[in-house]
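> when you get a sec, could you give me coordinates for this:
(one chain, ligands or ions: 2)
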Amino acid sequence: MTKLTTQSSCDDENERGTLSVQHALQTMLDSLVEKTGSQTLPITDAVDRVLAQPIIATINVPSHCNAAVDGYALMHTDLPPIGQLAELTIVGRIVAGHPYTGGLKKGECIQIMTGAQMPDHADTVIMQEQVEICSTTIRIDARHSAGQNVRQAGEDIQLGQTVLASGIKLTPPQIGLIASLGIAEVSVKLPLVAAIFSTGDEVLNIADSPKNGCIYDSNRYSLLAALKKCGCQVLDMGIIPDDAQKLRAAFQLAAKNADVIFTSGGVSVGAADYTKQVLADLGSINFWKVAMKPGRPLAFGQIGDAVFFGLPGNPVAVMVTFYQFALPCLAKILGLKQPLVNPIIKVRCSSSIRKLPGRTEFQRGVLSQSHTGEWSICTTGQQGSGILRSMSEANAFIILEHERGAVKQGEWVNVQAFAGLF
Ligand code: AMP
Ligand code: MG
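Ligands and ions are numbered 1, 2, ... in the order given. Coordinates of the predicted model:
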C-alpha cells in the first residue's frame, strides 16, 4: 500500500469535501492488492464463494447424443419426400440410462424417451404426437427435417473447454454446471476476515440497560450483517471507549487477526475523537473529507497487513460509505472479476429534492412500478445521516451527481437498487 496524502477532516456536513467520490474510490482501489490463498470445498458448500481456479471440462456435456423429446428415432434418409408418407417398422424401445445395443436398419425406427442415448445409425427423432401408430409400424408425413430433436454430444460443453473463469462468485446455476461435469470439489478463495468495532463512550451494547445520554450501537450490527452477506468471516471486537490506550490495543489486535478492519465513528474532529491520533501513530492512514452526503469524514489506509476503513459514526453514513467504498474494495481484495455493486439505472423522480452542486448525494428512495408498468422513485422523507429509518424503508439509492443542483419532480435521476446487496 502506498502512503497517501493526509487531509484534515471536519464534521460539519454543510462544508464541502475536498475529494470527489470517484477520486476517493479510485485512490482506494489503486492502493489495494488481491489477497492470495485458496481452499478446496465440496460444491455443496461453494455457493457465493469466489472461484480460485478455472473450471475446465473433463467430459463432453452431454456425453452422448440423446433424444430431446419422447418419440421415434430413425435415419433422416427414411424421411418421406414432400407430399408423401413413409411407413417404418418399430424394432425396439429405449429408455434413459439404458443404451440400445442393436443397430438400426433402413426402414426401421425405435421408440425413444427424452434423454435416452440415440441408437447407432439414427440421427433424427420424430415427436410421439406427430406419428400415426399402426401396431408394429409408424406412419410419418413430410413436415420433418434431418437431425431434428436430437441433442448432440458436447453441444452444451466441449471436453477441454474453460467453463468458468477464476474470479467469479459462484451462483446456483454455476454449481449445477460444475456438477454436470462430474466435478465434486472446487478451489475457492479464502474468505476475508473482517474485524469490526465501534468507538465512543456514548455507545451501548444491546445487552446493556438504557443509560442517560447514551445510544445503542447500531453500526456494528449493520456492518456485521453487510459483511456476512458478502461472505466475510467477522471478528466482532465490541465497543471501544474513547480512550487512546484502549483504542491502540484494539487496532493492534485487529491488525494481527484480520485482513480488513472496520470501525465507525471517531474520524471527525470532535474533542473525544482519539481514533485519528492513534491511527496516525499506528499506520499509513488518510483522513479524507469526501464531497458527499452522507459520509463526509472517512479514514482509509493500512495498519500492519490489514486494510483499514474508518467509517463515519452516523448510522446512515456507515451504510452509504460501506456500500459505495468498502464493497468495491472488498471485491478487489477478493480478486473478484465482476462488480459486487449493482448497476446504476435512470428513472423519473416523483419527489422534488433540494441539493447544491459540489458534492455527490446518496438519498434513500423507494423504487416502485405504476399500474401502467413505469418505474419511478420517491425519497423516503427525512434524509438526516442519523436517521437509519430512511435507509431501512428504502430499496434504492438516488444518486445525485456532484455537479447537479436541485431535482424537480418528474426529472430523471440515477438509481442504484439495493436488491441482492443488503
Ligand atoms: P463521531 O464521528 O464519533 O462523532 O460520531 C458521529 C455520530 O454517530 C454521533 O452522533 C455518534 O453518537 C453516532 N455513532 C457513533 N458510533 C455509533 C454506533 N456504533 N452506533 C450508532 N451511532 C453511532
Ligand atoms: Mg465518537
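> for the residue in the stretch 201-350 of the chain positioned nearest to ligand 1, helix, strand, or coil?
Going by CB to the nearest ligand atom, ligand 1 is nearest to G313 of the stretch 201-350 of the chain, at 2.3 Å. All C-beta atoms are positioned from the backbone trio N, CA, C, and that covers glycine. For G313, the assignment made with DSSP: H, G, I helix; E, B strand; the rest coil gives coil.
> what's the burial count for it?
For G313, the tally of surrounding residues (other CB atoms under 10 Å) stands at 27.
> can you check E155 too?
Look at E155: counted by other CB under 10 Å, it has 14 neighbours.
> ok, it touching P62?
Yes: between E155 and P62 there is a contact at 6.7 Å, judged by CB atoms under 8 Å.
> quick one: contacts for the closest residue to ligand 2 within the stretch 101-250 of the chain?
Of all residues in the stretch 101-250 of the chain, the one sitting closest to ligand 2 is G200 (3.7 Å; CB to the ion). By CB atoms under 8 Å, 6 or more residues apart in numbering, the residues touching G200 are I239, P241, D242, G265, G266, A272, G313.
> the residue of the stretch 201-350 of the chain closest to ligand 1: what's it in contact with?
Residues in contact with G313 (CB under 8 Å, 6+ apart) are T199, G200, N219, S264, G265, G266, V267, S268.
> and with 7 Å instead?
G200, S264, G265, G266 (CB atoms under 7 Å, 6 or more residues apart in numbering).
> let's have these in TSV, adding pLDDT and secondary structure.
Below are those laid out as TSV (pLDDT from 0 to 100; DSSP: H, G, I helix; E, B strand; the rest coil):
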residue	pLDDT	secondary structure
G200	89	coil
S264	92	strand
G265	87	coil
G266	84	coil
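> closest to A24 among those?
Closest to A24 out of the contacts of G313 is S264 (17.2 Å), distances taken as CB to CB.
> run through the residues that contact that closest one.
Going by CB under 7 Å, 6+ apart, S264 touches S198, N219, L223, L311, P312, G313, V318.
> please name the bridge partners of it.
When bridges are called by DSSP bridges, S264 pairs up with S198, L311.
> re earlier: which of the contacts of G200 count as buried?
Taking 16 or more other CB atoms under 10 Å as the criterion, what is buried in those is I239, D242, G265, G266, G313.
> out of those, which are close to ligand 2?
Among the buried ones among the contacts of G200, the ones lying close to ligand 2 by the criterion of CB under 5 Å from the ion are G265, G266.
> contact residues of the protein facing ligand 2?
G200, G265, G266.
> next one, pLDDT for the residue minimising distance to the centre of the chain please.
Centroid-nearest residue in the chain: L340, 4.4 Å away (criterion: CA atoms, centre = their mean). pLDDT, L340: 78.
> wait, a helix at it?
No: under three-state DSSP, L340 falls outside any helix and is assigned coil.
> heads up, I number from 362, so please use that
New numbering, starting at 362: the last item is L701.
> angles on the backbone of it, please.
Dihedral pair for L701: phi -90, psi -20, per degrees, to the nearest 10.
> over to the one 3 residues further on?
Backbone torsions for P704, taken as degrees, to the nearest 10, come to phi -70, psi 160.
> got the domain boundaries for this structure?
382-396+553-695, 399-422+526-550, 427-512, 706-778 (automatic domain parsing).
> spell out which residues of this protein are next to ligand 1.
Neighbours of ligand 1 within the chain, by CB under 6 Å from any ligand atom: 559, 561, 563-564, 576, 578-581, 625-627, 629, 631, 634, 673-676.
> from these, list just the buried residues.
Neighbour-count burial (16+ other CB under 10 Å) applied to these gives 559, 561, 564, 578-581, 625-627, 629, 631, 634, 673-676.
> so where's this protein shaky on pLDDT?
Residue ranges of the chain with pLDDT under 70: 362-378, 632-633, 781-783.
> pull the CA atoms of stretch 714-729 into CSV?
Extracted in CSV, the C-alpha atoms of stretch 714-729 (Å, rounded to 0.1, in the frame of the first residue of the first chain):
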residue,chain,number,x,y,z
ILE,A,714,-35.2,17.2,-3.9
ARG,A,715,-33.1,20.2,-2.6
LYS,A,716,-29.4,19.9,-3.5
LEU,A,717,-26.5,22.2,-4.1
PRO,A,718,-23.8,21.4,-6.7
GLY,A,719,-20.4,20.4,-5.3
ARG,A,720,-21.0,17.1,-3.7
THR,A,721,-22.5,13.7,-4.5
GLU,A,722,-25.6,12.9,-2.5
PHE,A,723,-26.9,9.4,-1.8
GLN,A,724,-30.5,9.9,-0.9
ARG,A,725,-32.6,6.9,0.1
GLY,A,726,-35.6,6.1,-2.0
VAL,A,727,-38.4,3.7,-2.8
LEU,A,728,-38.4,2.4,-6.3
SER,A,729,-41.8,1.3,-7.4
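> I appreciate the help and will end here.
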